[in-house]
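A.B. asks: Quick one, what's the 3D model for this:
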Amino acid sequence: METGLNSTTFWLAMALVLLVEGFMPFVSPATWRQTFTQILKLTDGQLRFFGLASLMLGLMLIWWLM
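C.D. replies: Got it, this is the predicted structure:
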């Protein structure tokens, strides 16, 4: 098995993102809509904090899995 990132790995990762992102709107559209309404009420600083936390968590997971 090959090691490293190739185009197949990239597209598989993108497909996984789409699966995860599409799950809630499919299963519970009302809850998804309500969640987005709450997100729109957050300040820029709060959104940046959650964005930074997501980035850091993602980087830590990549580092841990590599």
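
A.B. asks: Any regions of this structure where pLDDT drops low?
C.D. replies: 1-4 (pLDDT under 70).

A.B. asks: For Asn6, give me phi and psi.
C.D. replies: Main-chain dihedrals, Asn6, degrees, to the nearest 10: phi -130, psi 180.

A.B. asks: so how far is Ala13 from it?
C.D. replies: The gap separating Asn6 from Ala13 is 11 Å, by CB to CB, to the nearest Å. C-betas here are computed from N, CA, C, even on glycine.

A.B. asks: One more: Leu5?
C.D. replies: 9 Å.

A.B. asks: before we move on, what about Met24?
C.D. replies: 19 Å.

A.B. asks: Asp44: neighbouring residues, count only.
C.D. replies: By other CB atoms under 10 Å, 7 other residues sit near Asp44.

A.B. asks: residues in contact with the host helix or strand of Trp63?
C.D. replies: Using DSSP states H and E, Trp63 sits in helix 44-65. If you take CB atoms under 8 Å, 6 or more residues apart in numbering as the criterion, helix 44-65 is touched by Ile39, Leu42.

A.B. asks: if we go to 7 Å?
C.D. replies: Applying CB atoms under 7 Å, 6 or more residues apart in numbering, helix 44-65 has no contact partners.
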